[in-house]
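K.L.:
Quick one, structure for this:
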Amino acid sequence: MLDAHLRRAKVQIARSKEERKGKRGEGSSSRGRAVDKRGDGDGRLRQQTRNFLSGKTGELDLHNLFELSPCHGHYHFKYYGDLGWNGGGTGVNSKLGFCLQSTARVANREASPLHNRFAGCDFQGVAAGWVDQYKAGLPNQWLDTTNITSTGKRTFHSNPDGLLCEGTFVDEAGDPLLPGAPLVWKPTGLIADDGHPVEAPLCRLKVGWDENNTHEIQEKIEKQGLGLITSSCTRGQIGPLRNCGFGTSPTTASCAPGASTRATFSVPAGATPQVVRLTEFSQALNSPIPARYEDSWVPLQPGVSDQPAMLANVVVQPSSPVQVTFTCPSPRTGGVAEPGGRYSVYTAPVFPDDPAATVTRS
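P.N.:
This next block holds a predicted model:
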């Protein structure tokens with residue numbers, strides 16, 4: 001699977017200085033925060049919706065434009081963008097939702113604020129001159145590349161439905177809203193996960209609003225068992241917790257599904273320290289899973305983890321065997337496609353510049 005990398009957020013055209021000086025409403029909640037999402041100078045939806053932790057609802061979720069994510073525990077805007085694949089095979093878009101955040105200020109101009117009001121998912125928006133970046137490895141954003149075995153282009157289409165108003169908010173007559181006037185909501189034809197219709201504010205989109213809403217990058221999909229952790233360390237990453245520089249020929253071993261399992265690992269005298277990472281093995285793919293260190297916790301919802309893909313991660317010193325205790329992978333999908341009972345062993349020198357050494361399992 002491919003993690004979604006840099007995401008480019010389209011910011012709405014800033015409204016006039018006179019409108020930016022218009023009165024903005026104030027909102028609060030029992031937790032002392034409000035979500036301000038209807039644009040002043042930053043061109044965002046501005047609306048006083050209560051913080052989700054307070055248990056109160058607000059305008060955006062009442063119109064189903066934002067939906068609560070049980071996995072992340074906060075509201076998501078699911079219509080922000082689509083991940084795609086152009087090439088051999090078929091990629092499946094598995095991005096479940098987006099937070100609107102200002103993560104980097106890239107335009108140093110008058111309309112671009114220095115202060116970042118939108119730094120977290122409990123107070124969302126993207127200010128003019130700022131972009132929204134998604135880090136690699138964030139849960140629930142990927143392309144399923146199981147059926148892809150070639151090169152191609154990974155794509156991202158921002159604001160595909162035009163629900164972020166890249167233009168001017170208008171009333172039912174098509175006239176621009178006056179400062180402080182309420183938004184006019186209309187059905188979009190989309191249906192939310194709870195079965196209710198999704199509505200969005202009426203907007204007159206700017207000519208050419210979507211001309212720079214797409215991006216693509218050439219990618220090579222590696223064979224099963226290879227991935228981020230088997231790629232080269234190109235940014236100075238060192239140490240046992242890194243997710244690069246592991247060998248491309250992992251070994252596998254059997255164990256009793258769901259049982260506590262022990263294995264001992266050693267390296268020859270005089271060898272450099274080696275890191276051993278134990279991961280799941282997929283019977284359906286007949287392949288080791290190149291799990292990251294962070295995959296020791298796979299969130300289903302706040303405080304609840306799925307079965308981890310990364311089972312253990314230890315350092316083995318020369319002439320000093322290490323015994324590892326871990327839980328053998330349990331069956332998945334009822335034990336039909338993935339019966340469990342098998343794990344993979346990836347190894348690497350603790351410091352990438354050191355030579356790799358043979359790691360023996362017993």
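K.L.:
Quick one: end-to-end length of stretch 195-212, please.
P.N.:
32 Å (C-alpha to C-alpha, to the nearest Å).
K.L.:
According to the record, where do the domains of this structure fall?
P.N.:
As assigned by automatic domain parsing, the chain contains the domains 2-219, 228-361.
K.L.:
buried set for stretch 165-183?
P.N.:
165, 166, 167, 168, 169, 170, 177, 183 (16 or more other C-beta atoms under 10 Å). Placement of C-beta: from N, CA and C, glycine included.
K.L.:
these two touch, right, the second one and residue 204?
P.N.:
No: contact status for residue 166 versus residue 204: not in contact, 10.1 Å apart, counting by C-beta atoms under 8 Å.
K.L.:
From the buried residues of stretch 165-183, which land in strands?
P.N.:
If you go by DSSP state E, the buried residues of stretch 165-183 have 167, 168, 169 in strands.
K.L.:
Name the nearest of these relative to residue 268.
P.N.:
residue 167 (67.1 Å; C-beta to C-beta).
K.L.:
Bridge partners for that closest one, pull those for me.
P.N.:
residue 205 (DSSP bridges).
K.L.:
quick one: it and residue 204 touch, right?
P.N.:
Yes: Residue 167 lies in contact with residue 204 (C-beta under 8 Å); the separation is 5.0 Å.
K.L.:
can you map out the helices along the stretch 1-150 of the chain?
P.N.:
Using DSSP state H, counting those that start in this stretch, the helices found in the stretch 1-150 of the chain span residues 17-20, 59-62.
K.L.:
Give the other helices and strands that the one helix or strand residue 311 maps to contacts.
P.N.:
Residue 311 belongs to strand 310-316 when assigned by DSSP states H and E. With contacts defined as 3 or more C-beta pairs under 8 Å, 6 or more residues apart in numbering; DSSP states H and E, strand 310-316 has these neighbours: strand 260-266, strand 274-282, strand 322-327.
K.L.:
Which one of those lies nearest to residue 153?
P.N.:
Smallest distance to residue 153 across these (C-beta to C-beta): 26.2 Å, for strand 274-282.
K.L.:
pLDDT weak spots in the chain?
P.N.:
Residue ranges of the chain with pLDDT under 70: 1-58, 93-96, 136-141.
K.L.:
do that again at 50, thanks
P.N.:
Confidence mapping of the chain against pLDDT under 50 gives the ranges 1-56.
K.L.:
Provide a list of residues in contact with residue 327.
P.N.:
Going by C-beta atoms under 8 Å, 6 or more residues apart in numbering, residue 327 touches 258, 259, 260, 261, 311.
K.L.:
What sits closest to residue 181 if chain neighbours are left out?
P.N.:
In space, and not counting its chain neighbours, residue 181 is closest to residue 171: 7.5 Å by C-beta to C-beta, 6 or more residues apart in numbering.
K.L.:
And residue 160, by the same measure?
P.N.:
Closest residue to residue 160 apart from its sequence neighbours, by C-beta to C-beta, 6+ apart: residue 82 at 5.4 Å.
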